[in-house]
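Participant: any chance you could fold what I've pasted below:
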Amino acid sequence: MPLGSISSSQTKIPTALRVLVLEDNPSDAELVLYSIKRSWSGFESLVVDNGEDFGKALKSYNPDIILSDFSLPNFDSIEALKMARAELPFVPFVLVTGTIPEKFAIRILKEGADDYILKSNLMRLPSSMENALKKRRAEREKARMAEQLLNSNSELNLFIYKATHDLRGPLASIKGLADLAGRERDEKHIRSYVGKISECATRLDETLIALIETMSIKNTDLKMEKIDFYSLLRGVMKKINHTQASGGVKFNLRVEGDKVFYSDQRIIDSILRNLIENGIQFQNHALAEPHVSVHITLSEKGAEITIRDNGIGMDQKMQGRIFEMFFRGNDRSMGPGLGLYMVKQGVQRLGGVIDVQSEKEEGTEVSIFIPASYQ
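Facilitator: Numbers count the residues shown, from 1 in each chain. The predicted structure follows:
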């Protein structure tokens with residue numbers, strides 16, 4: 001069967017198993033596929049008979065399992081195994097051959113093959129395939145968890161380092177200013193020092209709140225409740241007006257759809273607040289009417305949230321980094337640099353997706369979709 005020919009049948013498993021067969025004898029290939037059909041009610045198969053087509057199939061066919069003959073003209077199973085492990089390390093590789101020296105069988109198993117089956121005993125092939133698939137799935141999951149743990153540890157180390165740095169800075173300033181105030185006799189200078197101490201304390205408090213909020217989003221159990229977006233937006237705007245100079249910025253807040261939406265209100269609040277604050281912070285002061293718009297559409301699928309501003313925008317390079325922990329884009333960036341990191345973490349925690357489109361001096365649009373959660 002030439003490369004690209006696919007035989008398929010209706011399957012009882014969720015998705016058709018894709019079987020790549022490396023075999024130069026068409027009759028033997030048919031026997032292999034027939035032995036699988038006897039136990040598996042459905043699968044897709046692709047048969048190739050040379051190394052070049054095998055290499056192409058690894059890239060384009062994306063097989064779930066590979067069945068390889070022992071020896072082909074100018075190509076053998078050891079070469080095939082090395083190619084497969086380099087391209088698809090977690091895809092099972094089973095040798096299916098007529099005869100095989102015991103020494104070679106031991107070698108190919110050591111090289112990473114999952115099993116070998118003699119063509120005279122093809123009845124064992126389906127169970128061998130099933131065992132190999134289970135084994136490789138377990139290895140893939142183990143590797144995924146190890147990578148996730150490594151990333152988590154790296155992120156935790158960065159978090160601890162930066163948090164310590166951002167906490168020690170204001171504390172050192174407070175300590176120094178308090179020492180100066182204690183030695184000062186001029187009341188005017190004392191008041192100046194007290195004002196600066198208050199500013200440092202406020203910055204320290206903001207950093208602590210951001211750190212607590214970040215850890216809460218990442219680690220606290222989700223609490224699903226009915227979300228009233230009108231009420232939530234009013235609360236967000238009240239907080240912003242109390243904490244940030246938003247004068248001169250025009251807000252356009254709109255909620256459409258009457259579908260009941262359940263989610264974690266604490267996380268939704270954090271997402272909206274941080275994105276609206278970002279739109280205010282990076283407004284274009286040269287414009288007569290800077291604005292931030294929030295448009296929320298509710299449907300049975302979930303909530304679509306779009307936040308636009310006509311601010312200073314950003315280039316592609318910055319867009320690739322804005323969700324990094326502690327990233328500050330420019331000298332306008334305030335706080336510890338956790339706002340957009342929290343947004344991304346919150347969206348992911350709720351199973352959603354986020355996209356950012358922006359151009360310098362043209363503003364920014366953030367699009368979020370959060371799937372519905374049913375009580």
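Participant: helices along the protein, start to end?
Facilitator: Secondary structure of the chain (DSSP state H): helices at 26-37, 51-60, 77-87, 102-111, 125-183, 187-219, 229-243, 265-281, 316-319, 339-349.
Participant: what residues sit buried inside the shortest one?
Facilitator: Residues of helix 316-319 classed as buried: Q319 (neighbour count, 16 or more other Cβ atoms under 10 Å). Placement of C-beta: from N, CA and C, glycine included.
Participant: where in this structure is pLDDT low?
Facilitator: Where the chain drops to pLDDT under 70, the residues are 1-15, 146, 148-168, 242-247, 325-337, 374-375.
Participant: quick check: domain ranges of it?
Facilitator: Residue ranges for the domains of the chain, per automatic domain parsing: 6-142, 222-375.
Participant: dump these to a markdown table, plus distance to K175.
Facilitator: Output for the domains of the chain, formatted as a markdown table (distance: least, Cβ to Cβ, whole Å):
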| stretch | distance to K175 |
| --- | --- |
| domain 6-142 | 48 |
| domain 222-375 | 20 |
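Participant: nearest to S198 among those would be which one?
Facilitator: Checking the domains of the chain against S198 by Cβ to Cβ gives domain 222-375 as the closest, at 15.0 Å.
Participant: and for H295, the neighbour number?
Facilitator: 15 (other Cβ atoms under 10 Å).
Participant: confirm for me that it is in contact with L272.
Facilitator: No - counting by Cβ atoms under 8 Å, H295 does not reach L272; the two are 11.8 Å apart.
Participant: mutual contacts of the two, please.
Facilitator: Listed as contacting both H295 and L272 by Cβ atoms under 8 Å, 6 or more residues apart in numbering are 305, 307.
Participant: of all the domains of the chain, which one is nearest Y193?
Facilitator: Using Cβ to Cβ, the nearest of the domains of the chain to Y193 is domain 222-375, at 22.8 Å.
Participant: what about the residue nearest to E225 when sequence neighbours are not counted, neighbour count?
Facilitator: In space, and not counting its chain neighbours, E225 is closest to Q265: 5.8 Å by Cβ to Cβ, 6 or more residues apart in numbering. Q265: 17 surrounding residues under other Cβ under 10 Å.
Participant: identify the residue spatially nearest to K301, adjacent ones excluded.
Facilitator: Distances taken as Cβ to Cβ, 6+ apart place A372 nearest to K301, at 6.2 Å, with adjacent residues excluded.
Participant: my error: substitute Y230 in the last question.
Facilitator: Spatial nearest neighbour of Y230, excluding adjacent residues (Cβ to Cβ, 6+ apart): V255 at 5.8 Å.
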